[in-house]
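Peer 1: Provided below for reference: sequence and predicted model.
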Amino acid sequence: MDVSQLAAVDTARAARVLDEVRSAALSGQRMPMAPRPVIGQSWERMLRGGVDPERDFRSGLLSREEVRRRRETSTLRQVLPVLREGLLSVADVARHIVVVADEEGRVLWREGSAPVLRKADGLGLEVGADWREEVVGTNGVGTPAVTGRPVQVFASEHFVRSHATWTCAGAPITDPRDGRLIGVVDVSGPLETMHPATLAWVDSVAKLAEARLRETHVRSLERLRTVAAPLLARAGGRALVVDRHGWTAAVTGMPYTERLALPKSVSAGMRWLPVLGRCSVEPLAGGWLVRAADEPVARAGTRIVLDLREPRRWSVEVSGGAGSWARELSPRHAELLYLLAVRPAGRSAAALAEAVFGDPGRTVTVRAEMSRVRRYLGPLLDHRPYRFTESAEVDILLPEQPDPLFPHSHDRLTAARGH
């Protein structure tokens, strides 16, 4: 049965069916029908994480000052006009509201039908609220952030019972410069406002927002390129001009590289950078001029620390005779490096796909992700199979409760503390 299609015809019946499915799933009884895979997987995460399906838990709202600070610093601010233009007028007429949350699931903007906004207040869907999946259960803000794809949640597909009067459809928005999640856009409303086409509508607008960010990035590189041309014409040796995120505007004396891995905080002076080794870094308007020193890149005696102690604050730090640098990791890159670190002999693309996705056939996805990892760890990673080089000493810093470290992973291997 396609519940989304049923809901468009008979909302009350669809809600009853889903309530029976949810009740049976939570009690361990035989379900009248299986939940959609994305919903069933979310429920499993909620059960493992200890979310109470009968209790509406709400963490504290952000202060007005913190909401304002996040709004001003969020990349989402650049695409608000796109989101409003694409969603708001229709949402208001259809008795929906539009919710925009940051990458941490905090609601930063909320607009739409006034009566629906008041109903949302009763559910805790307010500006400053925390709608991460692990806090409020399966929902149209937190679940897309975890899965990385659009998700519609209807009636009792919500894990927490009090949200069963609600329907929502959310899509993640990623930064095209590095693929990182920057937020989620969600359209929500009372149960009777559900429509099966809502999800495709929201996803298309989210993709328009990403396209706008991509256009903005390209224009900024073009502006930086006009500054870079005369500088590189006078530069000797290997040099390149990159923007603040490491994307290359122009290069001389060396093969073109799309992006240079930069430390979390960059400052002028002599620095050790992956691939180039020791470099001088000089500030430019909108970026950096990086000149490679003549000394070779050192690989021997390199120490790599994979820091997984704080959830979604994972990082890798590389240190050696030529200096040190650190980089924050996306959840997927952290998981891949963890899987390699706990198996020094290495893993094939198929083995990584099996561990991460439960499907050894997804090697194309794994190879694409590993290609991105090699942009900043290139000299320290071998392939066929993928593994850290023998010259690298790898340490893993784990949280107090490391299992399950990556609950969405299909790999059940856990590293011993102090590995």
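Peer 2: Sure thing, it's come through.
Peer 1: hey, which helix is longest across the protein?
Peer 2: helix 198-234 (DSSP state H).
Peer 1: now the next helix or strand after that one against helix 198-234, angle please.
Peer 2: Following helix 198-234 in sequence order, the next helix or strand is strand 239-243 (DSSP states H and E). Here the directions of strand 239-243 and helix 198-234 differ by 150 degrees (axes from the mean of the first three to the mean of the last three Cα atoms, to 10 degrees).
Peer 1: and strand 239-243, how far from the chain's centre?
Peer 2: Distance, stretch centre to chain centre, for strand 239-243: 26 Å (Cα atoms, centre = their mean, to the nearest Å).
Peer 1: and what of stretch 248-262?
Peer 2: For stretch 248-262, the distance to the chain centre is 25 Å (Cα atoms, centre = their mean).
Peer 1: flag every buried residue along that stretch.
Peer 2: By neighbour count on 16 or more other Cβ atoms under 10 Å, the buried set for stretch 248-262 is Thr248, Ala249, Ala250, Val251, Thr252, Thr257, Arg259, Leu260, Ala261, Leu262. Where you see a C-beta, it was placed from the backbone N, CA and C, and this is true even at glycine.
Peer 1: which elements pack onto the longest helix of the chain?
Peer 2: helix 80-83, strand 151-154, strand 166-174, strand 181-190, strand 239-243, strand 248-252, strand 277-284, strand 287-292 (3 or more Cβ pairs under 8 Å, 6 or more residues apart in numbering; DSSP states H and E).
Peer 1: looking at those, which is closest to Val318?
Peer 2: Val318 lies closest to strand 277-284 among those, at 12.0 Å (Cβ to Cβ).
Peer 1: may I have that closest one as CSV, with CA atoms only?
Peer 2: This file holds the C-alpha atoms of strand 277-284, laid out as CSV (Å, rounded to 0.1, in the frame of the first residue of the first chain):
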residue,chain,number,x,y,z
GLY,A,277,54.5,20.9,1.9
ARG,A,278,56.0,24.0,3.3
CYS,A,279,54.5,27.2,1.9
SER,A,280,54.3,30.9,2.4
VAL,A,281,50.7,32.1,2.8
GLU,A,282,49.8,35.7,2.0
PRO,A,283,46.3,37.3,2.4
LEU,A,284,44.4,38.6,-0.5
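Peer 1: okay, now the sheet partners of that strand, with direction.
Peer 2: strand 269-273 (antiparallel), strand 287-292 (antiparallel) (DSSP bridges).
Peer 1: what pairs with the helix or strand just after the longest one, and is each one parallel or antiparallel?
Peer 2: So that's strand 287-292. Sequence-wise, the next helix or strand downstream of strand 287-292 (DSSP H and E) is strand 302-307. The pairing partners recorded for strand 302-307 under DSSP bridges are strand 315-320 (antiparallel), strand 392-397 (parallel).
Peer 1: for these, state which one has the densest average packing.
Peer 2: Among those, strand 315-320 has the highest mean neighbour count (mean count of other Cβ atoms under 10 Å), at a mean of 19.
Peer 1: how about the CA coordinates for that one, as CSV?
Peer 2: Taking C-alpha atoms only, strand 315-320 is exported to CSV below (Å, rounded to 0.1, in the frame of the first residue of the first chain):
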residue,chain,number,x,y,z
SER,A,315,38.5,16.1,12.9
VAL,A,316,41.8,14.7,11.7
GLU,A,317,45.1,16.2,12.7
VAL,A,318,48.3,15.5,10.8
SER,A,319,51.8,16.3,12.2
GLY,A,320,55.3,15.5,11.1
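Peer 1: now that strand, how far from the chain's geometric center?
Peer 2: So, by Cα atoms, centre = their mean, the centroid of strand 315-320 is 22 Å from its chain's centroid.
Peer 1: cool, stretch 268-285 as well?
Peer 2: For stretch 268-285, the distance to the chain centre is 28 Å (Cα atoms, centre = their mean).
Peer 1: how about stretch 114-133?
Peer 2: With Cα atoms, centre = their mean, you get 23 Å for stretch 114-133.
Peer 1: can you list the residues that contact it?
Peer 2: 42, 45-46, 56, 58-64, 66-67, 95-97, 99, 101, 104-110, 136, 139, 141-143, 145-146, 162-163, 166, 188-190, 193 (Cβ atoms under 8 Å, 6 or more residues apart in numbering).
Peer 1: which of the residues in that stretch are buried?
Peer 2: Under 16+ other Cβ under 10 Å, the buried positions of stretch 114-133 are 116, 119-120, 123-133.
Peer 1: for those, give me TSV that also has distance to Arg303 and secondary structure.
Peer 2: Compiled in TSV, these are given as follows (distance: Cβ to Cβ, whole Å; DSSP: H, G, I helix; E, B strand; the rest coil):
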residue	distance to Arg303	secondary structure
Val116	54	helix
Lys119	54	helix
Ala120	50	helix
Leu123	48	helix
Gly124	45	coil
Leu125	46	coil
Glu126	46	coil
Val127	44	coil
Gly128	41	coil
Ala129	42	coil
Asp130	36	strand
Trp131	39	coil
Arg132	33	coil
Glu133	35	helix
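Peer 1: all good on my end, thank you.
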